[in-house]
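# Prediction below, plus the sequence it came from.
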Amino acid sequence: MTHSIADLRSEYARAALDESHADADPIRQFAHWWDEAIKSQLPEPNAMTLATADASGRPSARVVLLKGFDDNGFVFFTNYDSRKGAELAANPRAALLFFWPELERQVRVDGEVERVSAAESDAYFRSRPLASRIGAWASPQSRPISGRAWLMARVAEMGVRHGLNPDRPPHWGGFRVRPQAIEFWQGRPSRLHDRLLYTRDAGAWQRQRLAP
């Protein structure tokens, strides 16, 4: 039996998001939701959609993994020569989206982007499995290649060249999204969802409720 896409819907009734219980600081509120996502054993709770745009404003999006967050922002790592790296160099702004359907929650982050320090990138790179470190040397990310055989030969070559303790490639490292706005979305019945938007104004966070 074929079902129409228009007939696919879910009713959200798991929780509420109320101003009286939400933290006044969005980073602390994110940490609270993050802890609940971890305790719920969600599959890859750190998966987030990263949206960027090139210098002309043409957008693109992909899923990356959050590798740290604090009051300074949200950190992920990538090849600086990749499409997202080139777009962030030309237009250092980005949007993030976390979607945790099991908790009926979304978090949206908009902000300016900067590279993390070389020391931060070095430290994270050293923590990665050896195969991933070799892969960072081998892959010309986002560029056309002749096939998987070429890639695997390149991995073998880089493995021999860099050995068991490869340094971080100069073209690989972290980005930090410094949030200017963070929105928390909690699914509610009848599509009357809870939405709390935090915006930074003169260094302080302001909060307002948005219509669903």
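Arrived safely, thanks for sending. Numbers count the residues shown, from 1 in each chain.
# which residues does residue 179 bridge with?
Counting by DSSP bridges, residue 179 forms beta bridges with residue 111.
# tell me the contacts of it?
Neighbour list for residue 179: 26, 73-74, 109-111, 200 [criterion: C-beta atoms under 8 Å, 6 or more residues apart in numbering]. In this view, the C-beta of every residue, glycine as well, is placed from N, C-alpha and C.
# What ranges in this protein fall below the confidence cut-off?
Residue ranges of the chain with pLDDT under 70: 1-3, 5-9.
# switch the cut-off to 80
Within the chain, the stretches with pLDDT under 80 are 1-13.
# Would you map the strands across it?
If you assign secondary structure with DSSP state E, the strands in the chain sit at 47-53, 59-65, 68-70, 73-79, 93-100, 105-115, 172-186, 194-201, 204-209.
# Please tell me how far the spatially most central residue of the chain sits from residue 71.
With the centre of the chain defined as its mean C-alpha position, the nearest residue by C-alpha atoms, centre = their mean is residue 48, 3.8 Å away. Taking C-beta to C-beta, to the nearest Å as the measure, residue 48 falls 18 Å from residue 71.
# how about the contacts of residue 179, which pair is most distant?
Spanning the widest gap among the contacts of residue 179 are 74 and 200, at 14.0 Å by C-beta to C-beta.
# So for these two, which sits in the more crowded spot?
Using other C-beta atoms under 10 Å as the criterion, residue 74 and residue 200 rank with residue 74 on top: 27 against 15.
# Identify the residue spatially nearest to that one, adjacent ones excluded.
Nearest residue to residue 74, sequence neighbours excluded (C-beta to C-beta, 6 or more residues apart in numbering): residue 177, at 4.7 Å.
# What is the burial count for that neighbour?
A total of 26 residues lie near residue 177 under the criterion other C-beta under 10 Å.
# ok, it - contacts?
When contacts are counted by C-beta under 8 Å, 6+ apart, residue 177 is found next to 73-76, 94, 96, 109, 111-113.
# coming back round to it: for the residue nearest to the centre of the chain, which residues are in contact?
Neighbouring residues of residue 48 by C-beta under 8 Å, 6+ apart: 63-66, 74, 76, 96-98.
# Which one (most neighbours) among these?
residue 74 (27 neighbours).
# With residue 143 as the reference, measure out to it.
Remark: distance between residue 74 and residue 143 (C-beta to C-beta) = 27 Å.
# cool, residue 134 as well?
Distance, residue 134 to residue 143, using C-beta to C-beta: 18 Å.
# And these two? Which one has more around it.
Higher neighbour count among residue 134 and residue 143: residue 134, with 23 against 10, using other C-beta under 10 Å.
# I'd say that one and residue 158 touch.
Yes. Between residue 134 and residue 158 there is a contact at 5.2 Å, judged by C-beta atoms under 8 Å.
# Name the residues contacting each of these two.
residue 166.
# show me what contacts residue 40?
Here residue 40 is in contact with 102-103 (criterion: C-beta under 8 Å, 6+ apart).
# Please repeat the previous calculation with a cut-off of 10 Å.
If you count contacts by C-beta atoms under 10 Å, 6 or more residues apart in numbering, residue 40 has them with 100, 102-103.
# repeat for residue 28
Contacts of residue 28 (C-beta under 10 Å, 6+ apart): 22, 71.
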